[in-house]
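> build me a model:
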Amino acid sequence: QGVLVPGLGTFAVVHKQVDNAEEVYVVQRPVFQLDMDVSCLRELMFPMVMIPGDIEVTPLDYWWLSQTTSLPPDVVRNCVEETILLYSFQLRDRQNVTFAFGDIGVLSCQDNFLCMRFHHSCVVGLESWYPWVALLLT
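The predicted model follows:
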């Protein structure tokens, strides 16, 4: 499954098959597919990640976020939209800022390279059978 954060991109969990000389592993790993305004990404490099079409992607659930933060859904939506807008302006101005996503990871831009780095705990939490393989692939 995946979650679309409008104006930023999609977070998803994908299955990846890894062939070893002795065994075949299928692991779950987190991915992030960037979907920002092209004017913000001028001259920036970023990994091209494609989320497979069979993965169900749902929009960010502002109502659920409002329940966990005790803020009204419209306030949460405005907060998310303004934060993404601010981040895109910072990218456009070539500021090397990071965008932290709680227990998920950090989206950072350094030396004109924009990259999502997932926290160790996020990767291991998704993959219970072969966490070391998932860590190597992420």
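
> so where is the protein shaky, pLDDT-wise?
In the prediction, the chain carries residues with pLDDT under 70 at positions 128-131, 133, 137-138.

> rerun that using 80 as the cut-off
For the chain, residues meeting the criterion pLDDT under 80 lie at 18-21, 25-27, 38-42, 126-138.

> quick one, helices of it?
With DSSP state H as the definition, the chain shows helices at residue ranges 62-69, 73-92, 120-126, 131-137.

> now do the same contact list for P72.
Under the criterion of Cβ atoms under 8 Å, 6 or more residues apart in numbering, the contact partners of P72 comprise S66. From N, CA and C alone the C-beta is placed, and that goes for glycine too.

> want to try JSON lines for the helices of the chain, with distance to G7 and mean neighbour count as columns?
Written out in JSON lines, the entries for the helices of the chain read as follows (distance: least, Cβ to Cβ, whole Å; neighbours: other Cβ atoms under 10 Å):
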{"stretch": "helix 62-69", "distance to G7": "14", "mean neighbour count": "13"}
{"stretch": "helix 73-92", "distance to G7": "5", "mean neighbour count": "15"}
{"stretch": "helix 120-126", "distance to G7": "22", "mean neighbour count": "15"}
{"stretch": "helix 131-137", "distance to G7": "27", "mean neighbour count": "16"}
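
> looking at those helices, which is closest to Q110?
Ranking these by distance to Q110, with Cβ to Cβ as the measure, places helix 73-92 first at 11.6 Å.

> what's the closest one in contact with?
Applying Cβ under 8 Å, 6+ apart, the contact partners of helix 73-92 are 5-8, 36-37, 39-42, 44, 60, 62-63, 65-66, 69, 71, 97, 99, 109, 114.

> so which of the residues you listed sit within strands?
When DSSP state E defines the strands, the subset of those inside them is V5, F99, C109, L114.

> re the thing from before, out of the helices of the chain, which is closest to Y25?
Once the helices of the chain are compared by Cβ to Cβ, helix 131-137 is nearest, at 5.0 Å.
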